[in-house]
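Enquirer: Attaching a predicted model along with its sequence, questions to come.
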Amino acid sequence: TQLLEQSPQFLSIQEGENLTVYCNSSSVFSSLQWYRQEPGEGPVLLVTVVTGGEVKKLKRLTFQFGDARKDSSLHITAAQPGDTGLYLCAGAGGRDDKIIFGKGTRLHILP
Amino acid sequence: DTGVSQNPRHKITKRGQNVTFRCDPISEHNRLYWYRQTLGQGPEFLTYFQNEAQLEKSRLLSDRFSAERPKGSFSTLEIQRTEQGDSAMYLCASSARTGFEQYFGPGTRLTVT
């Protein structure tokens, strides 16, 4: 059974600080997506990574896919209150390229 | 097309009643997914369709749950004889092809009293 574990589960930091959250698995994924979800809304796709070692940047957010395509990280520089939300990673792999989700990292940026 | 839409956004029902939710995917997407999400958890897969064919159902989907996508466009998820444990956010997503990015709707928040 494929599992995606996200860490930390919760993170509360001051505005302006940097942070990294992680998404790990023992399974190989053909692609991995990161989503951000606000309360009462559906997840919004941030990025897809498909190549081992790939790095993508989205303004202050940097996403990295591990060389073995088993893990990923999201780094936020100079966090802002607007970054507050639930960050979900989702991996596609296995039979039928089924997508599975991690449980998410709940991020709270204090002004 | 502005994305995936879901109706209603909120539903409050009494235990034992039946409820039906609708999802309209992005028009060119042939894959449609239903998920359930409870507080503090990631989305849990329920079922998915490729066009009108329902290809997989999770063990989470009890006999009280049924989903349809009759013409390969919109989909409905029905829950019969609702229970308090059914209270959750029900999310719909669509994608253009296997294993690729999924785009989510805003969800339907179900509260069973």
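Expert: Cool, the structure landed. Residues are numbered from 1 along each chain as shown, chains lettered A, B, ... in the order given.
Enquirer: what's near enough to touch A:Lys57?
Expert: Applying C-beta atoms under 8 Å, 6 or more residues apart in numbering or on different chains to A:Lys57 gives the contacts A:Phe63. (C-beta placed from N, C-alpha, C; glycine too.)
Enquirer: List the beta-bridge partners for it.
Expert: A:Thr62 (DSSP bridges).
Enquirer: The host helix or strand of B:Lys11: partners in the sheet, and parallel or antiparallel?
Expert: Counting by DSSP states H and E, the element that carries B:Lys11 is strand B:10-13. Paired with strand B:10-13 in the same sheet, following DSSP bridges, are strand B:108-112 (parallel).
Enquirer: Could I get the CA-only coordinates of the strand it pairs with as CSV?
Expert: Extracted in CSV, the C-alpha atoms of strand B:108-112 (Å, rounded to 0.1, in the frame of the first residue of the first chain):
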residue,chain,number,x,y,z
THR,B,108,-20.0,20.3,-0.4
ARG,B,109,-20.0,20.5,3.4
LEU,B,110,-22.5,17.9,4.8
THR,B,111,-23.7,18.1,8.4
VAL,B,112,-25.9,15.2,9.6
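Enquirer: how about that strand: buried residues?
Expert: Buried positions in strand B:108-112, judged by neighbour count with 16 or more other C-beta atoms under 10 Å in any protein chain shown: B:Thr108, B:Arg109, B:Leu110, B:Val112.
Enquirer: Is it possible to get CSV of those residues that adds pLDDT and distance to A:Phe29?
Expert: Shown next, in CSV, are the buried residues of strand B:108-112 (pLDDT from 0 to 100; distance: C-beta to C-beta, whole Å):
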residue, pLDDT, distance to A:Phe29
B:Thr108, 97, 29
B:Arg109, 97, 30
B:Leu110, 97, 31
B:Val112, 97, 35
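Enquirer: Got the phi and psi for B:Gly85?
Expert: phi -70, psi -10 (degrees, to the nearest 10).
Enquirer: host element of the residue nearest the centre of chain B?
Expert: Centroid-nearest residue in chain B, with C-alpha atoms, centre = their mean: B:Trp34, separated by 3.4 Å. Assigned by DSSP H and E, B:Trp34 belongs to strand B:31-37.
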